[in-house]
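Q: what's the 3D shape of this:
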Amino acid sequence: MGRDHVVAIAGQIGVVASVALNLAALAFYLHGRIFGAVAGEKEAGKKMKKAAAVAPSSGKPPVSPDSTINLDHGDPTMFDAFWRGTMGEHATLVIPGWQTMSYFSDVGNLCWFLEPGFEREVRRLHRLVGNAAAEGYQVLVGTGSMQLFQAALYALSPPADAGPISVVSPVPFYSSYPAVTGFLKSGLYRWAGDANTFEGDEYIELVCSPSNPDGGIREAVLKSKSGKAIHDLAYYWPQYTPITHMLAHDIMLFTVSKCTGHAGTRIGWALVKDREVAKKMNMFLELNTIGVSKDSQLRAAKILEAVADGYERQPVDATGDASLLFHYARRQMACRWRALRAAVAASGIFSLPDEVAGFCTFAKETVSANPAFAWLRCDKEGVEDLEVFLREHKIITRSGTRFGADPKVVRISMVDTDEAFGIFVDRLAAMK
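A: This is a model prediction of the structure:
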């Protein structure tokens, strides 16, 4: 074989080898582009999830048998276990960096900062539960229901030159009503106390039903044609009371915090029958905070959607209530009330309002009321101030005097953590 022939063969081999190397390099490159991109997307996904799972605030510290138990506030941390279960994923929301940048949500709506998705889920939830008529009503959104309460006071007040209108509520009234009504020393309205003793035709009556603090079902006490009413229905949900009627009052206030337990989201809503009243309320919200957080509305909408979806996915009569918020919460509340009544009986120095029951159109059965607060009275001789007495036992409550009642009664939150509630009932049972 000649030298030239060998060189030719070597050249061919070199070309083949070069092509093979190039093909291998191309395959390696494509592998990296394809699978590396997938890995990159997975890594990006992980980073996004990590960014979405922002480190939570510490909230209240954990309690121990020696801790001071604070049951003054209605902080609904009892719901935590439900949302840590299977429903947690259904209520999870990621908001992209570019979303919700504008002040405006729907310029064609009277409430132009109301997120359409939130309004849709509010109306859907009321249809599901049947506790309030939403069709034919204006939906307004507020930073909690308390901002909407202030907006309603503004909207229902007469012109300033007519003098301040009296704001009343029957004893025991919600402790924040006097404080919020009088805080700004408005010339439009003034706190006038107990509706049961009020005399006059011009007034705004605050009707809280179920009542905060005692859980009773309330109707307006005053009947003047020129009087006005605001119905605070924060606790008119199936976990707290039988849903006996679909209410259709002129102004009805609700809040996410007591419905689902998401107090930190700070979202409430109002159902307002009269469009002109709704316009005035909306003007207050515009001037007060230039609207309401759209991020919070989106989260609230996702939560309400998860609640309604839970009932559509799983029949009510199915085994378990892991996806059924109202059934889960009612079972938990009933358990707590049994434990509290047992502790009161074991102690012998306290008393509670009588247990009441009614047919619930949502549950389609007769159920007991399980209020979010206990209205506890002390019958022990020598105890004149129950709040002070319980504080000596490291239990912080809210005195009845804050609600227009006497100091021998206190309001106690029934919706705190399992640990805090367990320590509370154990201490209460041991008091003699």
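Q: spit out the contact partners of the residue minimising distance to the centre of the chain.
A: Central residue of the chain (C-alpha atoms, centre = their mean): S257, 1.6 Å from the mean position. Taking C-beta atoms under 8 Å, 6 or more residues apart in numbering as the contact definition, S257 lies against P76, G144, A234, A263, T265, R266, G268. For the C-beta atoms, the positions are set from N, CA and C on the backbone; glycine is no exception.
Q: among those residues, which are in helices?
A: Cross-referencing the contacts of S257 against helices under DSSP state H gives G144.
Q: low pLDDT regions in the stretch 201-350 of the chain?
A: 315-319 (pLDDT under 70).
Q: show me where it has its strands.
A: Secondary structure of the stretch 201-350 of the chain (DSSP state E, counting those that start in this stretch): strands at 203-208, 228-232, 251-255, 268-272, 350-351.
Q: can you pull the contacts of S347?
A: If a contact means C-beta under 8 Å, 6+ apart, then S347 has L428, A429, A430, M431, K432 as its contacts.
Q: same question, M431
A: S347, I349, F350, H393 are the contacts of M431 under C-beta under 8 Å, 6+ apart.
Q: what sits against P242?
A: Counting by C-beta under 8 Å, 6+ apart, P242 makes contact with A357, G358, F359, C360, A363, T366, V367, A369.
Q: gap between T68 and M78?
A: 19 Å (C-beta to C-beta, to the nearest Å).
Q: same question, Q138
A: As judged by C-beta to C-beta, Q138 and M78 stand 32 Å apart.
Q: now V415
A: The gap separating V415 from M78 is 4 Å, by C-beta to C-beta.
Q: next one: G117
A: Between G117 and M78 the computed distance is 27 Å (C-beta to C-beta).
Q: again, but for Y189
A: 35 Å.
Q: next one: F403
A: F403 is 22 Å from M78, where distance means C-beta to C-beta.
Q: same thing with N370?
A: 11 Å.
Q: then T417?
A: Remark: distance between T417 and M78 (C-beta to C-beta) = 7 Å.
Q: ok, back up a step: out of T68 and M78, which sits in the busier spot?
A: Taking neighbours as other C-beta atoms under 10 Å, T68 and M78 compare with M78 leading, 22 against 11.
Q: list the contacts for the more buried one?
A: Neighbour list for M78: G261, A329, Q332, M333, R336, M414, V415, D416, T417, D418, F421 [criterion: C-beta under 8 Å, 6+ apart].
Q: same thing with N282?
A: Applying C-beta under 8 Å, 6+ apart to N282 gives the contacts L110, C111, L140, A151.
Q: give me the buried subset of the residues you listed.
A: The neighbour-count test (16 or more other C-beta atoms under 10 Å) applied to the contacts of N282 identifies C111, L140, A151 as buried.
Q: ok, back up a step: any residues in contact with both of N370 and M78?
A: Residues touching both N370 and M78 by C-beta under 8 Å, 6+ apart: M333, R336, M414.
Q: reformat these as a markdown table; add distance to I95 and neighbour count.
A: Listed next are these as a markdown table, based on distance: C-beta to C-beta, whole Å; neighbours: other C-beta atoms under 10 Å:
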| residue | distance to I95 | neighbour count |
| --- | --- | --- |
| M333 | 32 | 22 |
| R336 | 35 | 21 |
| M414 | 33 | 23 |
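Q: ranges for the helices of this protein?
A: 3-52, 80-84, 87-90, 116-129, 144-156, 176-183, 256-260, 275-289, 294-313, 325-347, 386-391, 418-430.
Q: of those helices, which approaches A248 most closely?
A: Nearest to A248, of all the helices of the chain, is helix 116-129, at 10.9 Å by C-beta to C-beta.
Q: buried set for the closest one?
A: Buried residues in helix 116-129 (16+ other C-beta under 10 Å): G117, F118, E119, E121, V122, R123, R124, L125, H126, L128, V129.
Q: surely the fifth one touches L304?
A: Spelled out, that is V122. Yes: in this structure, V122 is within contact of L304 by C-beta atoms under 8 Å, at 6.7 Å.
Q: one step back: which one of the contacts of P242 is nearest to L156?
A: The shortest approach to L156 among those belongs to A369, at 29.6 Å (C-beta to C-beta).
Q: which residues does stretch 399-409 contact?
A: Residues outside stretch 399-409 that contact it (C-beta under 8 Å, 6+ apart) are 171-175, 193-194, 213, 375-378, 383-387, 410-411.
Q: using ChimeraX, define a selection of the buried residues within the residues you listed.
A: Per 16+ other C-beta under 10 Å, the buried members of those correspond to this ChimeraX selection:
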select :172,173,174,175,193,213,375,376,377,378,383,385,386,387,410,411
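Q: next step: the contacts of stretch 399-409 restricted to strands.
A: In strands, judged by DSSP state E, the following of the contacts of stretch 399-409 are found: G193, D194, W375, L376, R377, C378, V410, R411.
Q: what's the most distant pair in the residues you listed?
A: Longest span within the ones in strands among the contacts of stretch 399-409, C-beta to C-beta: G193 and C378, 24.8 Å.
Q: ok so, going back, out of the strands of the stretch 201-350 of the chain, nearest to I243?
A: Evaluated over the strands of the stretch 201-350 of the chain, closeness to I243 peaks at strand 251-255, with 13.2 Å, by C-beta to C-beta.
Q: go through the closest one and flag the buried ones.
A: Buried residues in strand 251-255, counted by 16+ other C-beta under 10 Å: I251, M252, L253, F254, T255.
Q: ok, now stretch 283-292?
A: By neighbour count with 16+ other C-beta under 10 Å, stretch 283-292 contains the buried residues F284, L285, G291, V292.
Q: now those in CSV, with distance to H90?
A: Listed next are the buried residues of stretch 283-292 as CSV, based on distance: C-beta to C-beta, whole Å:
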residue, distance to H90
F284, 34
L285, 30
G291, 27
V292, 24
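Q: just give me the closest of the residues you listed to F82.
A: Distances from F82 to the buried residues of stretch 283-292, taken by C-beta to C-beta, are shortest for V292, at 25.5 Å.
Q: which residues are in contact with the closest one?
A: V292 touches F113, L114, V141, G142, T143, I267, L285, counting by C-beta under 8 Å, 6+ apart.
Q: same thing with L285?
A: Counting by C-beta under 8 Å, 6+ apart, L285 touches C111, F113, L140, G142, Q147, L148, A151, G291, V292.
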